[in-house]
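*Asks:* coordinates only, sequence not included:
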């Protein structure tokens, strides 16, 4: 059954209380009565009241003190409070207003005017309550939107810094700066093209057990939850969050959306860094091979030239030696012929070495082309 609108009337005059009941009943309002403030305070603990009407001059606690206590109580402070008095000067109105009253009625009461005021105050209070509830909802929604907007701003900022990451260390550093601002404690593990794991933690080195858990969880679902922890699995990385707010469903769901966005950004950058890393490794291999080939080529050329020079010196020295030996012309020609044939063979080897050098140079060009 729908609750009736209820008025609390406080007055030591029983006739006035009866008139309150009579006129309130005509509007289908319910009236509860009290002859003093102490009794009224007890009623307020037991009954839901929509309007309080109180005489200023009542036995015991004054109407002013009664109003002060009503407004000091969190449960009753929003109930509209109306004073009734034979005195309605400026000072009295100012004091009533300062205490939190919404109206001040002069005695003797004109009940036709009185009931119109009561009806207006109750309807206004109910509408204000609805408006306040709506505003509270709007405020809550706005705060959530601002929070979400702020968190999205952090994702956008991470996207910018992530795009500048030159290494997985840079990427992890940028990620952990963002997750710390979100109040999260995280670890990241990246897998290269050979599935070799590279681990990072915002608390220092990645503990071995975290690395093992992330490796085993790769075969699970994209989001693997266990207790307050969540692992987000992608093909080339695992992202471990160690302190998810499971006690706050709204924040938990919002953070999961944000972490999904962060993970998408990480995924795109990890692929680029892996390609760059593989290219860098190729470049290093090519540079090493090229350097070795250049050294071999230089050493081989020097060796060839030294061999030819040594043979030419030998031929000159041999001719001088033959002159001194007193050999016959035929003997000298035989020895010189043997030496000449040896020199021809060495020259042929030299030119073959030149051909090898050309092939090495061509191989060097092909290696450079592969990297480029």
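*Replies:* Now that the structure is in, tell me what you want to look at. Computed from a predicted structure; not experimentally measured.

*Asks:* ranges for the helices of the chain?
*Replies:* Assigned by DSSP state H, the chain shows helices spanning 14-26, 37-46, 63-72, 90-99, 111-163, 168-181, 208-217, 249-325, 329-371.

*Asks:* list the buried residues for the fourth one?
*Replies:* Put plainly, it is helix 90-99. Using 16 or more other C-beta atoms under 10 Å as the test for burial, helix 90-99 gives 92, 93, 95, 96, 99. The way it works is simple: take the backbone N, C-alpha and C, and place the C-beta from them, glycine included.

*Asks:* cool, the first one as well?
*Replies:* Taking 16+ other C-beta under 10 Å as the basis for neighbour counts, the residues of helix 14-26 that come out buried are 16, 17, 19, 20, 21, 23, 24.

*Asks:* name the helices or strands packed onto it?
*Replies:* When contacts are defined as 3 or more C-beta pairs under 8 Å, 6 or more residues apart in numbering; DSSP states H and E, helix 14-26 packs onto strand 6-10, strand 30-34, helix 111-163.

*Asks:* if we use 6 Å, what do you get?
*Replies:* With contacts taken as 3 or more C-beta pairs under 6 Å, 6 or more residues apart in numbering; DSSP states H and E, helix 14-26 sits against strand 6-10, strand 30-34.

*Asks:* and the first one, what does it pack against?
*Replies:* Just to be clear, that refers to strand 6-10. helix 14-26, strand 30-34, strand 51-55.

*Asks:* in JSON lines: these, plus mean pLDDT.
*Replies:* Below are the helices and strands packed on strand 6-10 laid out as JSON lines (pLDDT from 0 to 100):
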{"stretch": "helix 14-26", "mean pLDDT": "89"}
{"stretch": "strand 30-34", "mean pLDDT": "93"}
{"stretch": "strand 51-55", "mean pLDDT": "93"}
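
*Asks:* can you list those in JSON lines and add distance to residue 72?
*Replies:* Shown next, in JSON lines, are the helices and strands packed on strand 6-10 (distance: least, C-beta to C-beta, whole Å):
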{"stretch": "helix 14-26", "distance to residue 72": "25"}
{"stretch": "strand 30-34", "distance to residue 72": "18"}
{"stretch": "strand 51-55", "distance to residue 72": "14"}
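
*Asks:* what's around residue 103, how many residues?
*Replies:* Close neighbours of residue 103, defined as other C-beta atoms under 10 Å, add up to 19.

*Asks:* pLDDT value on it, please?
*Replies:* Note on residue 103: pLDDT of 89.

*Asks:* the one 3 residues further on now?
*Replies:* The confidence metric pLDDT takes the value 88 at residue 106.

*Asks:* what's the distance between the nearest residue to residue 174 once chain neighbours are set aside and residue 83?
*Replies:* Nearest non-adjacent residue to residue 174, counting by C-beta to C-beta, 6 or more residues apart in numbering: residue 161, 4.2 Å away. According to C-beta to C-beta, to the nearest Å, residue 161 stands 63 Å off from residue 83.

*Asks:* give me the more crowded residue out of these two.
*Replies:* Neighbours were counted for residue 161 and for residue 83 using other C-beta under 10 Å; residue 83 has more, 27 against 16.

*Asks:* would you check that the more buried one makes contact with residue 96?
*Replies:* Yes - counting by C-beta atoms under 6 Å, residue 83 does reach residue 96; the two are 4.8 Å apart.

*Asks:* which residues are in contact with both of these two?
*Replies:* Counting by C-beta atoms under 6 Å, 6 or more residues apart in numbering, the contacts common to residue 83 and residue 96 are residue 104.

*Asks:* pLDDT below threshold where in the stretch 151-300 of the chain?
*Replies:* In the predicted model, the stretch 151-300 of the chain carries pLDDT under 70 at residues 151-152, 276-300.

*Asks:* what about the residue lying closest to residue 35 once chain neighbours are set aside, how many neighbours?
*Replies:* Closest residue to residue 35 apart from its sequence neighbours, by C-beta to C-beta, 6+ apart: residue 12 at 5.0 Å. Residue 12 has 14 neighbours, counted by other C-beta under 10 Å.

*Asks:* distance of residue 5 from residue 26?
*Replies:* The spacing between residue 5 and residue 26, counted by C-beta to C-beta, is 13 Å.

*Asks:* shared neighbours, those two?
*Replies:* Taking C-beta under 6 Å, 6+ apart as the contact rule, residue 5 and residue 26 have no neighbour in common.

*Asks:* any low-confidence regions in the stretch 1-150 of the chain?
*Replies:* For the stretch 1-150 of the chain, applying pLDDT under 70 flags the ranges 1, 131-132, 135-150.

*Asks:* one more time with 90
*Replies:* Low-confidence segments of the stretch 1-150 of the chain (pLDDT under 90): 1-5, 15, 20, 22-28, 78, 86-98, 100-103, 105-150.

*Asks:* give me the phi and psi for residue 220.
*Replies:* Residue 220 adopts backbone torsions of phi -90, psi -160, taken as degrees, to the nearest 10.

*Asks:* which member of the buried residues of helix 14-26 is positioned nearest residue 236?
*Replies:* residue 24 (74.3 Å; C-beta to C-beta).

*Asks:* picking that back up, need the buried residues of helix 14-26 in CSV (columns: distance to residue 191).
*Replies:* Putting those into CSV (distance: C-beta to C-beta, whole Å) gives the following:
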residue, distance to residue 191
16, 85
17, 82
19, 85
20, 80
21, 81
23, 81
24, 77
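
*Asks:* hang on, the residue nearest to residue 35 packs against residue 37?
*Replies:* No - if you go by C-beta under 6 Å, residue 12 and residue 37 don't touch, sitting 10.5 Å apart.

*Asks:* separation between the closest residue to residue 202 other than its chain neighbours and residue 262?
*Replies:* Nearest residue to residue 202, sequence neighbours excluded (C-beta to C-beta, 6+ apart): residue 176, at 3.8 Å. Distance, residue 176 to residue 262, by C-beta to C-beta: 11 Å.

*Asks:* good, we can wrap up now.
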